[in-house]
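# Sequence plus the predicted model coming up.
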Amino acid sequence: MAETAEGGGLVFHPLDQFIVRPLFGQPGDPVHWYTITNATLWMGLAVLAVVLLFVLGTSRRAVIPGRAQSVAELMHGFVHKMVVDITGEEGARHFPWIFTLFLFIFFANFLALIPMSFSPTSHIAVTAAMAFGVFLFVTVLGFVLNGRKFLSLFWMSDAPLFLRPIIAVIEVISYFVRPVSLSIRLAGNLTAGHAMMKVFAGFAAIAVVAPVSVVALVAVYAFEVLVAAIQAYVFTILTCVYLKDALHPAH
């Protein structure tokens, strides 16, 4: 967590926890697209957690559900209601992939709170892949369902005529910024929170401030538990909003 410097002080490396390393071989070995890394491991564990909860946990389909089935049904109902409330019944057919996104982000975020674990959702490469996937899907769907009418999303017909071109430019820019903001929001929040925990954990090595550091670390950890759930919710609800624009593009 912290190293002793030559002058007797402590040197922190709070960002070392985000380094992608190969699971096999030497620590300095190059990482290729086919290399199995710590990021691969923890993304796989997130998928495994989803499978265990929703396949094994609900396999009995009991009338009186057990704990695992109750949690699965609660999460299913929560996200399904979100999708229908925002996009309408037309959006319900897209519920499976939205629910999949939510579950992956949710479990990846919470597994990253385990000590000595790795946070794949703190990496732009992971969050951008999901965000740009949502962006491309929603854009293609909008043109497939609406044709040229999808462009009405950028033209505010209720605004004064002289303002419409200006608003259209702003709308186009904001539309193409969506995947960037969606990916940075998730990765940035996870990175900042985990780095802060690492810093407070490093201060615990100093006897004078150790009690304060431990209390602060517990507080930050509790906050990060909320962040893990909230960021999964935010990513999902924004995906629903973007899907609504594709289904109903007119202002």
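Alright, I've got the coordinates. Numbering: from 1, shown residues only.

# Please make it C-alpha for all contacts and neighbour counts, starting now.
Will do.

# which regions of the stretch 151-251 of the chain lie under the pLDDT threshold?
Across the stretch 151-251 of the chain, residues meeting the criterion (pLDDT under 70) sit at 207-208, 250-251.

# Break down it into its helices, ranges please.
All helices of the stretch 151-251 of the chain, identified by DSSP state H, counting those that start in this stretch, fall at 164-203, 210-247.

# Correct me if wrong, but residue 85 is in a helix.
Yes - assigned with DSSP: H, G, I helix; E, B strand; the rest coil, residue 85 falls within a helix.

# Can I get the helix or strand encompassing residue 100 as PDB, trimmed to CA atoms?
Element membership for residue 100 (DSSP states H and E) is helix 95-111. Provided in PDB are the C-alpha atoms of helix 95-111 (Å, rounded to 0.1, in the frame of the first residue of the first chain):
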ATOM      1  CA  PHE A  95     -35.100  -5.400 -21.800                       C
ATOM      2  CA  PRO A  96     -32.800  -8.500 -22.000                       C
ATOM      3  CA  TRP A  97     -29.700  -6.600 -23.200                       C
ATOM      4  CA  ILE A  98     -30.300  -3.600 -20.900                       C
ATOM      5  CA  PHE A  99     -30.700  -6.000 -18.000                       C
ATOM      6  CA  THR A 100     -27.500  -7.700 -19.000                       C
ATOM      7  CA  LEU A 101     -25.600  -4.400 -19.000                       C
ATOM      8  CA  PHE A 102     -27.000  -3.600 -15.500                       C
ATOM      9  CA  LEU A 103     -26.000  -7.000 -14.100                       C
ATOM     10  CA  PHE A 104     -22.500  -6.900 -15.500                       C
ATOM     11  CA  ILE A 105     -21.800  -3.400 -14.200                       C
ATOM     12  CA  PHE A 106     -23.400  -4.100 -10.900                       C
ATOM     13  CA  PHE A 107     -21.500  -7.300 -10.100                       C
ATOM     14  CA  ALA A 108     -18.200  -6.000 -11.500                       C
ATOM     15  CA  ASN A 109     -18.500  -2.900  -9.300                       C
ATOM     16  CA  PHE A 110     -19.300  -4.900  -6.100                       C
ATOM     17  CA  LEU A 111     -16.600  -7.600  -6.800                       C
END
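
# Reformat the helices of the stretch 151-251 of the chain as CSV; add distance to residue 16 and mean neighbour count.
Conversion of those to CSV gives the following (distance: least, CA to CA, whole Å; neighbours: other CA atoms under 10 Å):
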stretch, distance to residue 16, mean neighbour count
helix 164-203, 9, 18
helix 210-247, 18, 18
